[in-house]
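Trainee: prediction below, plus the sequence it came from.
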Amino acid sequence: MQKLMHFIKSMKSSEHSEDMYLLRRQNSNHIIDSLYDFNEMTVDNNFSYQNIEPNSVENQSENDLNCYSEKSKSNRINEYQAAWNVTNAIQGMFVVSLPFAVKSGGYWALFSMILVAYICSYTGKILIDCLYDECDDETEYMKPKFLRIKTSYSRRRTRVRSSYVDIAADVFGSRIGASLVNIAQNIELLMTCILYLVLCGDLFVGSFPKMGLDHSSWTILSCMILIPCAFIKSLKFVSKLSFCNAIVHVIINLIIVVYCLTKIVDWRFDKIDTHLNICSFSISLGIIVFGYTSQIFLPSMEVNMVDRKKFDPMLYATHFVAAAFKCLFGLVGFLTWQENTKEVITNNLPSEQLKIIVNIILIIKALLSYPLPYYASVELLEASLFLDLDGYQTSSHHKLNARSPVFSFSCYLADGDLKFWAVLLRISLILFTLFLAIFIPHFAYLMALIGSITGTMLSLIWPCYFHLYLKRRTLVWHQKLINITIIIFGFLITITGVYNSSNELAKALGKDLVEAGLLNKGLETIKNQTRNFC
């Protein structure tokens, strides 16, 4: 009975300490407006890519703590809501390039969609494990106690870190760790913005080829629509549309699959490559890895689940479903158009009316999706470079990561509005994404390059390395072997993917310059021949 009472007491103590931690997070003056609200299955302002360890609030009353505890529990999400959010993250708009990935990688690409799904679900699981430490709760000794013979002991799993940045800070150091993750996140977010613009240009060109506007012109027009994003201070309005966007995208994917199934008599499985071509396969791997990147926001999702024990099964289930759908979508899309498969599969639709309708809907979805990664990048940059409105530094997301921002002033006025120069900086960031979208107008190759760099780091290499470092005393040999294998696999994807994606991008850009009359055709032929090692 004493053991039972002690167990109940320890559980209450654990819940009390965690609720106090959540209360500290809510009352912190350093908290930045965030992007992901997993309580509403959409995007809002309650959680950030990097949750912040706030100042202590020991003088908070017990009533405040109890009220907050009840509120936090009522606002948490179940496993089905969490599954919906993970599905939205890994089943986004970029599945339109999966048939092209099958064209480049053949059966190996289809196998990789399953393998990478399993690896990313595993790395998501161990990343969450890195948020926790285990400590002895109570140890009982046989009498006489001076012999120190243990008869029983219990261990308690405590959440001591709140975000990806916290983990990196404990592994690489507070300054280097936070900087590495912030840089990787910013690259991932800004490249996602660029991909949305490139996708809009591709879809416009495919829908209205006779209007006389090229890809760059359509991309500029799309970007002009997005200029008001510079004035966004909250994503509440956009969040109301995200759920509808996800539903519409599912419907469009089903339309494409159903159309492809009507052409089943024309399918030829012998068109799918069976041999392994390292050059093209590495490009496919980059595209596939990019489509499974969701580790950034998993810590925020896990802490807000009603039953955290269901997080791991939820993660494996969603990735299994995603892998099944991606394999189906990539396979039927390629079999329908085979060697004529384009980088964006909707441009292959033969019916002009159907293609225009589908592409316009996807363009609207891309334009409405752009503010999310853009605002996330703005938030990270403001946190690293400037003071917040109250004069506090906003770059400290880890209690040991207390470092001054680059500039000792805020980009907000006293009434909360943005300063004029801050608006100009935000507009400059939009124009920066436009410039790169115009300069690199090749959707699939650009996505492969991003997936080979930031995708492998955030989803494969770093989670395994963090797990090896933080859990080195408790991991068994086969767990260490799995982590080391994934790290090697990630580095291979990075090396081969960056080289071959850059090579294909260079050739595609050279071809664009030749067509524009800006590069001598003979010189470009020589360059292409010297680059072609596969």
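Mentor: Alright, I've got the coordinates. Numbering: from 1, shown residues only.

Trainee: dump stretch 95-107 to CSV, restricted to CA.
Mentor: What follows is stretch 95-107, C-alpha atoms only, in CSV (Å, rounded to 0.1, in the frame of the first residue of the first chain):
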residue,chain,number,x,y,z
VAL,A,95,3.1,15.1,-54.6
VAL,A,96,2.5,16.4,-58.2
SER,A,97,6.2,15.6,-58.9
LEU,A,98,6.1,12.0,-57.7
PRO,A,99,5.3,10.5,-61.2
PHE,A,100,8.4,12.4,-62.4
ALA,A,101,10.4,10.8,-59.5
VAL,A,102,9.2,7.4,-60.8
LYS,A,103,10.3,8.4,-64.3
SER,A,104,13.8,9.2,-62.9
GLY,A,105,14.2,6.3,-60.5
GLY,A,106,11.9,3.5,-61.7
TYR,A,107,11.0,0.7,-59.3
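
Trainee: contact partners of that stretch?
Mentor: 109-110, 112-113, 199, 253, 272-275, 277, 280-281, 283-285, 287-288, 291, 325-326, 329-331, 333-334, 337-339, 341-346, 362, 443-444, 447 (C-beta atoms under 8 Å, 6 or more residues apart in numbering). Where C-beta positions appear, they are placed from N, C-alpha and C, glycine not excepted.

Trainee: mind doing that once more with 7 Å?
Mentor: Stretch 95-107 is contacted by residues 109-110, 112, 253, 272-274, 280-281, 283-284, 287-288, 291, 326, 329-331, 333-334, 341-346, 443-444, 447 when judged by C-beta atoms under 7 Å, 6 or more residues apart in numbering.

Trainee: what mean pLDDT does it get?
Mentor: Per-residue pLDDT over stretch 95-107 has a mean of 90.

Trainee: rewinding a little: helices - which of the contacts of stretch 95-107 land there?
Mentor: 109-110, 112, 253, 280-281, 283-284, 287-288, 326, 329-331, 333-334, 443-444, 447 (DSSP state H).

Trainee: weed out the non-buried ones from the residues you listed.
Mentor: Buried subset of the ones in helices among the contacts of stretch 95-107 (neighbour count, 16 or more other C-beta atoms under 10 Å): 109-110, 112, 253, 280-281, 283-284, 287-288, 326, 329-331, 333-334, 443-444, 447.

Trainee: tell me the secondary structure at residue 213.
Mentor: coil (DSSP: H, G, I helix; E, B strand; the rest coil).

Trainee: and it, what does it touch?
Mentor: Residue 213 neighbours (C-beta under 7 Å, 6+ apart): none.

Trainee: would you mark the buried spots in stretch 464-474?
Mentor: Applying 16+ other C-beta under 10 Å to stretch 464-474 flags 464-468, 470-471 as buried.

Trainee: what lies in contact with it?
Mentor: Looking at stretch 464-474 with C-beta under 7 Å, 6+ apart, the contacting residues turn out to be 123, 126, 129-130, 167, 170-171, 480, 483, 486-487.

Trainee: tell me which of the residues you listed fall in helices.
Mentor: Those of those lying in helices (DSSP H): 123, 126, 129, 167, 170-171, 480, 483, 486-487.

Trainee: quick check: the farthest pair among these?
Mentor: Pairwise distances across those (C-beta to C-beta) peak at 20.2 Å, for the pair 170 and 486.

Trainee: quick one, helices of the stretch 51-200 of the chain?
Mentor: 62-74, 79-90, 98-105, 107-129, 164-172, 174-207 (DSSP state H, counting those that start in this stretch).

Trainee: what angle separates the longest one from helix 164-172?
Mentor: Looking back up the chat, that one is helix 174-207. In terms of direction (axes from the mean of the first three to the mean of the last three C-alpha atoms, to 10 degrees), helix 174-207 departs from helix 164-172 by 130 degrees.

Trainee: buried set for whichever strand or helix holds residue 500?
Mentor: Using DSSP states H and E, residue 500 sits in helix 477-515. Going by neighbour count (16+ other C-beta under 10 Å), the buried part of helix 477-515 is 482-483, 486-487, 489-490, 493-494, 496-498, 500-501, 503-505, 507-510, 512, 514.

Trainee: next: stretch 370-382.
Mentor: So for stretch 370-382, counting by 16+ other C-beta under 10 Å, buried means 370-382.

Trainee: what is the nearest of these to residue 246?
Mentor: Of the buried residues of stretch 370-382, the one sitting nearest to residue 246 (C-beta to C-beta) turns out to be residue 372, at 12.1 Å.
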